[in-house]
Structures are given as structure tokens and as C-alpha cells.
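J.: Build the 3D model from these lines:
(one chain, ligands or ions: 3)
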Amino acid sequence: MPALVVIGSQWGDEGKGKVVDVFSSQSDYVVRYQGGSNAGHTLIVDGKKTVLHLVPSGVLHPNTKCIISTGVVLDIETLVQEIKALKANGLLQNDEQLLISDTATVLLSYHRRLDQAREQDAKNEKIGTTGKGIGPAYEDRASRKAILFGDLFSPDKLKEKLKKSIDEKNFLLEHKYKEEPVDIDKLFTDIQGWTEELRPYRCKNSPYEIHQALKADKKVLFEGAQGTLLDLLHGTYPFVTSSSTISGSACIGSGVGPNQIDKIVGITKAYTTRVGSGPFPTELDDEVGTHLGTVGHEFGATTGRKRRCGWLDLVALKYAIRINGITNLALMKIDVLSGLETVKLCTDYKVNGEKTSVYPTTPGDLSEVEPIYKEVPGWSEDISNAKSLQDLPANARSLISLIGAEVGIPIDVISVGPGRKQTIWVKPLF
Ligand code: GDP
Ligand code: IMO
Ligand code: MG
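T.: Numbers count the residues shown, from 1 in each chain. Ligands and ions are numbered 1, 2, ... in the order given. The predicted structure follows:
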């Protein structure tokens, strides 16, 4: 069973980075296949924190190859900084560990500037993007104007593509947003510097590399970014990101067939968070919300923004299980619930006075639902050192069983703290 997809089942920041790091000890490859530096994946090993935005979260395991594949929008300036920081901390010792696909989309400063200018201009209708240029970069790809990573190594072609791509951006920046235009010559020179830094990682045919690995029965882990409810097609549109974040995207973004995937692991917080605008039925604006935010340190790993917090929404989780085909769950941050007198799980929604367990797919409808909760007793013990299910208080064990029974799929991993070792494996992964 060598190929496994790890995806976020909520609005991102579920703890994917931690799980991928933990799973990577058994993985030969970790592949990032969508999103860009809007992602912030936190890894904590022996108390040392590493936040990754573009480099796959397998990087702390020197024998695990990390591939940034076609579906990613690659902010080369940020990537160069990220690689430098990893090297300075002795965390990326071997250049052969990282591979960057020639067909990944290059993201440059003008994508970021346009993203930020649009958000500023939107006034009361902001999406609350990370400002990392994700939307504009995917627009370039869809409109066939994108610069691909492989283009960086042909300066003449690059200059021509850059001019074409920047022309429209400059028109918007100057005339619509009243900003300075992009200085093409300066950018071109900068790009040449970044290209040299990234040359050692160039991978001319990443789908072939992944196919060969799968053929040789290597263990390949596909690392999702963002979360199901931020999916461009199936999320809370328009309050979503600009890529497909569901499990099928692992195939599209890396060029493997769906029949290659053996397991889809959904990463789920024991409560819910969201950054940015959009509906959030179980959001809490009370002392429990403050508890979750404070004890859970719910601040964005990319932007530092405060995350909105609320109870676990099982209606949304069941929707995520269906549209991703999630086979197993990892339940994260259950330690954050310690100290709450009772814990609530949203089991159904009330819509126009009627009870339903069906998740509505239009955000307008989602803003109108009223959550129906099941309330169970909490626990006061600190569980962050628990090594097995038996170490957990009875009420925590009951909560985990209840969640498993409600959603109908196994919970294979329980996370009781941010550290690599604060992980209870109910069942082996591969
Ligand atoms: P990702 O984007 O899905 O990788 O998640 P983030 O890294 O953005 O956010 C998850 C946060 O929760 C990080 O600060 C992690 O260190 C932390 N974290 C992960 N698992 C646990 C856990 O089980 N308990 C606690 N308390 N923190 C956790
Ligand atoms: P990880 O991988 C949480 C959210 C933004 C905003 C919306 C659109 O760390 O889980 P974008 O910049 O993508 O155009 O913003 O998506 N968002 C995330 N929220 N975690 C993330 O990534 C996110 N990436 C984007 O806050 O609401
Ligand atoms: Mg994150």
C-alpha cells in the first residue's frame, strides 16, 4: 500500500505539517501538489519549531525525497529564502533531497502585489487572502500566460514571457490601483539570481520520477495544503483559495492516476478554526472560543492573523469525508479541549426549522444554518504526555469513540500536542 494522500478536512491549519513529518519517517517521497506559500505547515521536533511554506514537510528526514510538483504555484523568491533558512539550521543537508518540477507555475512579486491591491480595493467584501499572490498566479496558469519553472533556464524565452505576463499586470497596477508599475529589467535580473540558487533542485520530469517510485514500491506521501472547505470548486465559494484542495488534486497536481492512491488520511482538529472571511456555523464568540484560541495558539503560521475558533462540525466533516473519499482520520489538538467542563459536537444543522445532516454547498445557505449540538462531559487532566489511548481520561476516550461512530471511519492517529512525539498511533500507517 505505498501511496497515501494527507489532506485537511476543514478550513486549513488542521496540523497537516505535523502529521506529514511524523509519517515521513516511513515515507520515501513527500510530494506537494497544489497551493503555494499561502500554506504554513508547522513541525516541532525536540522543541524546535520549523514553519514550511513551499518545501514539503518530509524535509526533516534526510532519506525522504521532497518533490514540489506541477500543481504548485512557486514563489521563487520565498522558496530561496526558505531553503537558505533550512540550510542555515542544518535541516537541508543534501541538495538531492529536494526536487522542483519544471512544470510548476512561477509566482512573482507582481502576483503578490495584485492580490494585495485587490483585497485593499474590496473594502467590505474582502476574501481575507494571505496576500501571497495565489489567485493571480493560478489565473496566469488558466489563461495560459504562466511562466513555468523550466522557463527560468532559457533567458530569452523567459524575457519574452515575462513581458507578455507583466503587460496586463502593469496596466491594472498603474491605472486601476494607482500603483507603481513593475520594473521588468530589475525583476529579470533578480529572477536570474534566484534561478541560480534553485538550479540544483531542477526536476525535468516529476511525474516520471513519481511513477518510477511507485513502480518500485516506494512509499509516496502526497501532502495537501489548505483544507477541503477552501477548495475552489467544493468549498465555501467565493471565500476559498484558488486551487483544488481535495484529495483528487493530488492526482491532478502531480500527474498520477487515481488508481495509484491507496489511502486518504483526513486531518481534523478536535474543534474548528478558520482564517479569513466566510461562513462558519459553529464559530464561538465567547469564553470557550477564547479558550480554544488561547490554549490552541490559534494564530496563522503564514500571516500571524488570529484564527476564528468554534466547535467541531461533524456535518462538514462528513461532507469532507465524502468528497475526498477519506479512508482514515487523524484527530488533532485534542489536548486543547482539556479544562472545558463540557465539549460540544455539531451533529446536524437546522435549516428553516427543519433538521438536516446534509451540508449545503452554497455559502449563502451555509450562513443560514443553525448548528444542533450533542454535549458531552469534558475532562480537566493535562493529556499532552499521553502515549496510548489507555493514558487518556475516560471522557476523552468516549469523545474519540463518539466522533468515530458519528463519521463512520477509523481514527488512526490522535495528536495530543504539537511535538512529533506527542502522537498516539492507534493503527500503523502503511
Ligand atoms: P497545517 O497548516 O495544517 O500544517 O497546520 P498549522 O501548522 O498551520 O497549524 C497547526 C498548529 O497546531 C501548529 O502550531 C502546530 O504546531 C500545532 N499542533 C499540531 N498538532 C497539535 C496538537 O495535537 N496539539 C497542539 N496543542 N498543537 C498542535
Ligand atoms: P495551510 O496549508 C488556512 C485561506 C485564507 C483565505 C483564503 C484565500 O497552512 O492549511 P489565498 O491566499 O489562498 O488566496 O486565501 O484561504 N487560506 C488558508 N487558511 N490555512 C491555509 O493553508 C490557508 N491558505 C489559504 O486565509 O481565507
Ligand atoms: Mg497552516
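J.: Packing partners of the strand ranked longest in the chain?
T.: In the chain, taking DSSP state E as the definition, the longest strand is strand 342-351. The contact analysis (3 or more Cβ pairs under 8 Å, 6 or more residues apart in numbering; DSSP states H and E) places strand 342-351 against strand 308-313, helix 314-324, strand 354-356, strand 370-377, helix 394-407. C-beta: built from backbone N, CA, C; applies to glycine.
J.: Buried residues, it. List them.
T.: Buried residues in strand 342-351, counted by 16 or more other Cβ atoms under 10 Å: 343-349.
J.: Please apply the same query to stretch 315-333.
T.: Buried, per 16+ other Cβ under 10 Å, within stretch 315-333: 315-321, 323-324, 326-333.
J.: Is ligand 3 within reach of it?
T.: No. Stretch 315-333 is not in contact with ligand 3 by Cβ under 5 Å from the ion; minimum separation 11.7 Å.
J.: on that earlier part again, of the buried residues of strand 342-351, which is the nearest to ligand 2?
T.: C346 (19.8 Å; Cβ to the nearest ligand atom).
J.: ok so, going back, which among the buried residues of stretch 315-333 are in contact with ligand 1?
T.: 332-333 (Cβ under 6 Å from any ligand atom).
J.: Would you map the strands across the stretch 151-300 of the chain?
T.: Applying DSSP state E, counting those that start in this stretch to the stretch 151-300 of the chain gives strands spanning 202-203, 220-223, 263-269, 271-274.
J.: Quick check, the residue in the stretch 1-150 of the chain closest to ligand 2?
T.: At 2.5 Å from ligand 2, G12 is the closest residue in the stretch 1-150 of the chain, using Cβ to the nearest ligand atom.
J.: need the longest helix for the protein.
T.: Using DSSP state H to define each element, the chain has its longest helix at helix 155-171.
J.: how distant is that helix from the center of its chain?
T.: 30 Å (Cα atoms, centre = their mean, to the nearest Å).
J.: Could you do stretch 118-138 as well?
T.: Computed by Cα atoms, centre = their mean, the chain-centroid distance of stretch 118-138 equals 18 Å.
J.: Then stretch 12-25?
T.: Relative to its chain's centre, stretch 12-25 lies at 10 Å (Cα atoms, centre = their mean).
J.: Repeat that for stretch 308-325.
T.: Between the centre of stretch 308-325 and the centre of its host chain there is 15 Å, according to Cα atoms, centre = their mean.
J.: next one: stretch 10-24
T.: 8 Å.
J.: any bit of it sitting next to ligand 3?
T.: Yes. Using Cβ under 5 Å from the ion, stretch 10-24 reaches ligand 3 at D13.
J.: do the same with stretch 404-419
T.: No. Against ligand 3, stretch 404-419 shows no contacts by Cβ under 5 Å from the ion, the least distance being 12.2 Å.
J.: Next, the buried residues of that stretch.
T.: 406-407, 411-419.
J.: hmm, back to that, go through the helices and strands packed on strand 342-351 and find the least confident stretch.
T.: When mean pLDDT is averaged over each of those, strand 354-356 scores lowest at a mean of 94.
J.: Return the residues of the chain in contact with ligand 2.
T.: 8, 11-13, 38-41, 127-130, 132, 134-135, 225-227, 230, 241-242, 275-276, 301.
J.: Weed out the non-buried ones from those residues.
T.: Taking 16+ other Cβ under 10 Å as the criterion, what is buried in these is 8, 11-13, 38-41, 127, 129-130, 132, 134-135, 225-227, 230, 241-242, 275-276, 301.
J.: Low-confidence ranges, the protein, go.
T.: For the chain, applying pLDDT under 70 flags the ranges 1, 363.
J.: Would you map out the domains in it?
T.: Domain assignment for the chain by automatic domain parsing gives 3-104+201-260, 106-198, 269-425.
J.: which of the ones you listed is buried the deepest?
T.: Of these, the one with the most neighbours on average (mean count of other Cβ atoms under 10 Å) is domain 3-104+201-260, at a mean of 22.
J.: How about K218, nearest residue that isn't a chain neighbour?
T.: Leaving aside its chain neighbours, K218 sits nearest to D28 (3.9 Å; criterion: Cβ to Cβ, 6 or more residues apart in numbering).
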